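Trainee: give the three-dimensional model of this entry:
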Amino acid sequence: MLRGEVEVGTTYLVEVPHVLEGDQRLTFGALRGATFPLTVTGLEESAAEGVRSVLSSTTAVTLTAAQCVELGLPEGDYEIIGNLRTADGTPIVLPRVQTLTVPVEWLVPFTDERPHGHWDATGSLW
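Mentor: Next comes the predicted model:
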């Protein structure tokens, strides 16, 4: 799509190319050939920033001041990051929001049909 055709607040389908150039290989290498929905939240000259929902067992818990004192931590803000699992070790997968900036030309109007030759990364962290 062209920048003038993209509207903030609209959900588009991102089609990540199979062949990536330069820095795109580092940022989007795991998503080569993928499609996923992205709701545009901002536009730059040739890029769209947006959010998408992904599933992950990784979670973060911010400690309260009382918990920090109880643990003997120096004054400050602390966060514990890890995987959420049941007692038997089964991962619990939760939705979370991921912010991404993608080239505008990767955006196409959102439909339920996916293009042939691309894999569906909807909900996939990568």
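
Trainee: give me the residue ranges of this structure where confidence is low.
Mentor: Low-confidence segments of the chain, defined by pLDDT under 70: 1, 3, 125-126.

Trainee: try 90
Mentor: Across the chain, the ranges flagged by pLDDT under 90 are 1-4, 45, 55-56, 58-60, 95-96, 110-126.

Trainee: now the helices for the protein?
Mentor: Taking DSSP state H, the helices of the chain run over residues 24-28, 65-70.

Trainee: how about a markdown table for the ones you listed, with distance to residue 105 added?
Mentor: No exception for glycine: its C-beta is placed from N, CA and C like everyone else's. Shown next, in a markdown table, are those (distance: least, Cβ to Cβ, whole Å):
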| stretch | distance to residue 105 |
| --- | --- |
| helix 24-28 | 12 |
| helix 65-70 | 47 |
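
Trainee: which of those sits closest to residue 118?
Mentor: Across those, residue 118 has its closest neighbour in helix 24-28 (12.9 Å, Cβ to Cβ).

Trainee: dig out what the residue positioned nearest the centre of the chain forms beta bridges with.
Mentor: With distances taken as Cα atoms, centre = their mean, residue 98 lies nearest the centre of the chain, 3.0 Å away. Listed by DSSP bridges, the beta-bridge partners for residue 98 are residue 52.

Trainee: re the thing from before, to residue 36, which of the helices of the chain lies closest?
Mentor: The nearest among the helices of the chain, by Cβ to Cβ, is helix 24-28 at 11.0 Å.

Trainee: contacts for the closest one?
Mentor: Helix 24-28 is touched from outside by 16, 20, 102-103, with contacts defined as Cβ atoms under 8 Å, 6 or more residues apart in numbering.

Trainee: neighbour count and distance to residue 34 for those - can I get that in a markdown table?
Mentor: Shown next, in a markdown table, are the contacts of helix 24-28 (neighbours: other Cβ atoms under 10 Å; distance: Cβ to Cβ, whole Å):
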| residue | neighbour count | distance to residue 34 |
| --- | --- | --- |
| 16 | 21 | 5 |
| 20 | 16 | 11 |
| 102 | 23 | 11 |
| 103 | 17 | 14 |
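
Trainee: can you pick out the ones from the residues you listed that are in strands?
Mentor: 102-103 (DSSP state E).
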